[in-house]
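Chemist: have a look at this fold, sequence not included:
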């Protein structure tokens, strides 16, 4: 009982020590954060896809209109123009040339518009001198002594430089009697559009009632369109107009709100190569805004095929990722807001349909906060930090004295250690107690034969053989021996346990 009491007091003391450690480990002060203002960035993409004529969505595909032809004898001159609408408002070089050729034999370039720098949306005008071109053909054919019945001329307009330059060609055939101009005057590349136009001045004639002829007007059928949520087949995309919207909201007045935005496209073969295209160059805006830009899926497909051909690395599909990065800066009474918002829209191309992997709308929240150190207001088991410390210290003191009391009680009243003989008696009683009978006094039998045994185990063997009980006779004084014996008539089988036998 005293040992159990000591164990219990020890456990309680350890628990109280742990409680004091935990209580004094609690922070007396904490850092509190206070929100001064909250704001929200919201970006969203939208798009409209113009579909090519198809039997699936309509209108049904039509044969291209025939090339217009003009009698060469009554053509006095041709005034031409090239109009370009770029995807970005950047300055780019522009040049227009006429390429004269006898296919597979010779080719000669003649500059119509020398290289000049233009920005964004522009038009360049230039004359196409038929007589001068024919004279150049005559000179070359006379020099090489090779003539041709037709004289093909290609008007080539180039905007920009390098691999991303915009190039549009307009074939013109100069015959002896007919001048034929290609009917396709428009071209779209990488979101930029180019268009040729011309005006033919006529000599006085009885065929036409006008002195000037313009290209025949072809009114195409209204194209079908598709927007978000609709199935879009990549092969049916004619052009795609996309728009990025940005909205900044704050729960307090702001001043000097400016946004710097850039929109890029990343074409990649995952983990192999990637190429970045600028859709909207670095632009500064103020307040909520929207930016529209073309997305030329055909151009990205052609670029991918070109890179794949150059590298020789095959790929069943490739990724196109549109990224809009907006850096917003604004001033408030609570401090400066300096936030970068980024939204992406990605799709795996080459699978037949255009499907975006992300949602078109993205929202991010932010806040300006301040922090200060305050007393810890949290409760632990319903107690404040100071109360938990006082209570744990008091409990430690109580359980410490309780432990001391149990130690004193255990030591002072600890029972004396048993002698070896007593230990042996307890061992015999524990092992053979059910087979031993106690006797107070046993008088010797006259003529009794005494056989002494050396161990209790030997006595138990005899008891088993004779089917007799073992009798234990305790000594009357401590100096006497404990007698264990078995009676069989006048024979006593006896084992004596003395102090000397257990030492």
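Modeler: Yes, it's here. If you're wondering where the values come from, they're calculated on a predicted model, not measured in any experiment. Numbers count the residues shown, from 1 in each chain.
Chemist: flag every buried residue along the longest helix along the chain.
Modeler: With secondary structure taken from DSSP state H, the chain has its longest helix at helix 385-412. Neighbour-count burial for helix 385-412, with 16 or more other Cβ atoms under 10 Å as criterion, is recorded at 385, 388-389, 392, 395-396, 399, 402-403, 406. C-beta coordinates here come from the backbone N, C-alpha and C atoms, glycine included.
Chemist: which residues of the stretch 301-450 of the chain fall in strands?
Modeler: Under the criterion DSSP state E, counting those that start in this stretch, the stretch 301-450 of the chain contains strands at 318-332, 335-349, 361-375, 436-439, 449-452.
Chemist: er, the stretch 51-200 of the chain I mean
Modeler: Counting by DSSP E, counting those that start in this stretch, the strands of the stretch 51-200 of the chain are 69-71, 75-85, 91-102, 106-119, 121-128, 151-159, 166-174, 178-181, 186-189, 192-202.
Chemist: can you flag the weakest of the ones you listed by average pLDDT?
Modeler: Per-stretch mean pLDDT for the strands of the stretch 51-200 of the chain is lowest at strand 186-189 (a mean of 87).
Chemist: buried residues in it?
Modeler: Within strand 186-189, the residues scored as buried using 16+ other Cβ under 10 Å are 187-189.
Chemist: neighbouring strands - and their directions - for it?
Modeler: Partners of strand 186-189 in the sheet, by DSSP bridges, are strand 192-202 (antiparallel).
Chemist: after the strand it pairs with, next one along is what?
Modeler: strand 212-213 (DSSP states H and E).
Chemist: how distant is that following strand from the center of its chain?
Modeler: Strand 212-213 sits 61 Å away from the centroid of its parent chain (Cα atoms, centre = their mean, to the nearest Å).
Chemist: can you list contacts of it?
Modeler: 70, 199-202 (Cβ atoms under 8 Å, 6 or more residues apart in numbering).
Chemist: give me the neighbour count for residue 41.
Modeler: 21 (other Cβ atoms under 10 Å).
Chemist: each with direction, which strands does the helix or strand hosting residue 244 pair with?
Modeler: Using DSSP H and E, the element containing residue 244 is strand 237-250. Sheet pairing for strand 237-250, assigned by DSSP bridges, gives strand 29-51 (antiparallel), strand 289-294 (antiparallel).
Chemist: could you give the angle of the first one to strand 361-375?
Modeler: Read that as strand 29-51. Using axes from the mean of the first three to the mean of the last three Cα atoms, to 10 degrees, one finds that strand 29-51 and strand 361-375 are set 180 degrees apart in direction.
Chemist: surely residue 264 touches residue 278?
Modeler: Yes: the criterion here is Cβ atoms under 8 Å, and residue 264 meets it with residue 278 at 5.6 Å.
Chemist: in stretch 90-107, what's buried?
Modeler: 92, 94-98, 100-102.
Chemist: of the strands of the stretch 51-200 of the chain, which approaches residue 432 most closely?
Modeler: Closest approach to residue 432 among the strands of the stretch 51-200 of the chain is made by strand 186-189 (110.1 Å; Cβ to Cβ).
Chemist: touching that closest one from outside, list them.
Modeler: Outside of strand 186-189, the residues within contact range by Cβ under 8 Å, 6+ apart are 166-168, 193-196, 239, 294, 296, 299.
Chemist: tell me which residues in stretch 364-372 are buried?
Modeler: 366, 368.
Chemist: roughly how far out does that stretch sit from the chain middle?
Modeler: 24 Å.
Chemist: and if you look at stretch 406-425?
Modeler: 72 Å.
Chemist: ok, now stretch 329-338?
Modeler: 29 Å.
Chemist: check stretch 257-267 too.
Modeler: Chain-centre distance of stretch 257-267: 20 Å, with Cα atoms, centre = their mean.
Chemist: again, but for stretch 247-260
Modeler: Using Cα atoms, centre = their mean, the offset of stretch 247-260 from its chain centre is 28 Å.
Chemist: low-scoring stretches of the chain, by residue?
Modeler: In the prediction, the chain carries residues with pLDDT under 70 at positions 1-2, 87, 413-418, 442-445, 501-503.
Chemist: what residue spans form the domains of it?
Modeler: The chain breaks down by automatic domain parsing into domains covering 2-26+382-412, 38-48+225-374, 63-213, 420-502.
Chemist: turn those domains into TSV, columns for distance to residue 219.
Modeler: Listed next are these as TSV, based on distance: least, Cβ to Cβ, whole Å:
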stretch	distance to residue 219
domain 2-26+382-412	82
domain 38-48+225-374	16
domain 63-213	10
domain 420-502	118
